[in-house]
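[1] with the input below, show me the fold.
(one chain, ligands or ions: 2)
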Amino acid sequence: MKGDPRLDGRAVNRILFDEGRIAARVAELGAEITRAYPEGDLLVLGLLKGSFIFLSDLVRQITRPLQVDFLVASSYGDSTVSSGTVRLVYDPETTLEGKHILLVEDIVDTGRTLNRLMALLAARNPRSLEICALLHKHIADELKYETKYIGYDAPHEFLVGYGLDHAESFRHLPYIASLL
Ligand code: IMP
Ligand code: MG
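    Ligands and ions are numbered 1, 2, ... in the order given. The predicted structure is shown next:
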C-alpha cells in the first residue's frame, strides 16, 4: 500500500482485510441473510455515510426481493474519538411498519449510535429489526442490542477504507486498513 496514490502520501499502518477477503465474507453474509428471511418484505437500511460501499456490495449478494433506504446520523466530527452525541439528519421515507428491517452499519464502536437508532426504529413497529455490521470492536458495553450479522471482529485501532473514513478521507480505499 506504500505508494498507493489514493493515500495522498499519508501513511496507513497495515491492511487488515484486502479486497478479495472482504468480497468472500460479504458473499457469506448475503447468503446467511437470504436464508434468514424466507418471506415478508425486507427493507435494508444503510447508515450513511460509512455503510455505503458495504451496503452496495451486500445487497447484491442477497438473492431475494428487498428494498433499500438510508439513515443519516452524525456521531463523529473530524476526531478519532467518539463525541457520544448522535444526530439524525435523514430519515427513511418508506414506512417500516410490518417490514423486516435490517440496519446496516460500517463499524460498531461504543454502540451509542445504534442504541439511539434502534430505539427510534423499534418504535415504528417493524416486523423484525436486526443489525448487520461490517466490523465490530466488541467494546460496546453500552450497546443494548445484539448485532446479529458481523463481518469481522475489529481490533481496537482506528480503521479506514471500504466506506470508513478519517475526517472524510479514505472512504474509497478498496481494502480496510488501520491508521497510524
Ligand atoms: P459508536 O456510536 O461509538 O458505535 O460509533 C460508530 C460510528 O463511529 C461508526 O459508524 C463510524 O462512523 C465511527 N467509527 C467508529 N470507529 C471507527 C473506526 O475505527 N474508523 C472509522 N470510523 C469509526
Ligand atoms: Mg465516520
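[2] report the secondary structure state of Cys132.
    Following DSSP: H, G, I helix; E, B strand; the rest coil, the label given to Cys132 is strand.
[3] where do the strands sit along the chain?
    Assigned by DSSP state E, the strands in the chain fall at 12-17, 42-48, 67-74, 87-90, 100-108, 128-136, 149-153, 159-160, 176-179.
[4] check which residues of the helix or strand bottoming out on mean pLDDT in the chain are buried.
    Lowest by mean pLDDT, DSSP states H and E among the helices and strands of the chain is strand 87-90, with a mean of 72. Across strand 87-90, burial judged by 16 or more other C-beta atoms under 10 Å covers no residue at all. In this view, the C-beta of every residue, glycine as well, is placed from N, C-alpha and C.
[5] for stretch 22-41, same thing?
    Applying 16+ other C-beta under 10 Å to stretch 22-41 flags 22, 25-26, 29-30, 33, 36-37, 41 as buried.
[6] again with stretch 162-173
    Applying 16+ other C-beta under 10 Å to stretch 162-173 flags 162-166, 170-171, 173 as buried.
[7] which single one of those is nearest to ligand 1?
    For the buried residues of stretch 162-173, the minimum distance to ligand 1 (C-beta to the nearest ligand atom) is 4.1 Å, reached by Leu164.
[8] ok, back up a step: can you add distance to Asn115 and give the strands of the chain back as a markdown table?
    Listed next are these as a markdown table, based on distance: least, C-beta to C-beta, whole Å:
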| stretch | distance to Asn115 |
| --- | --- |
| strand 12-17 | 26 |
| strand 42-48 | 13 |
| strand 67-74 | 11 |
| strand 87-90 | 13 |
| strand 100-108 | 10 |
| strand 128-136 | 11 |
| strand 149-153 | 17 |
| strand 159-160 | 21 |
| strand 176-179 | 24 |
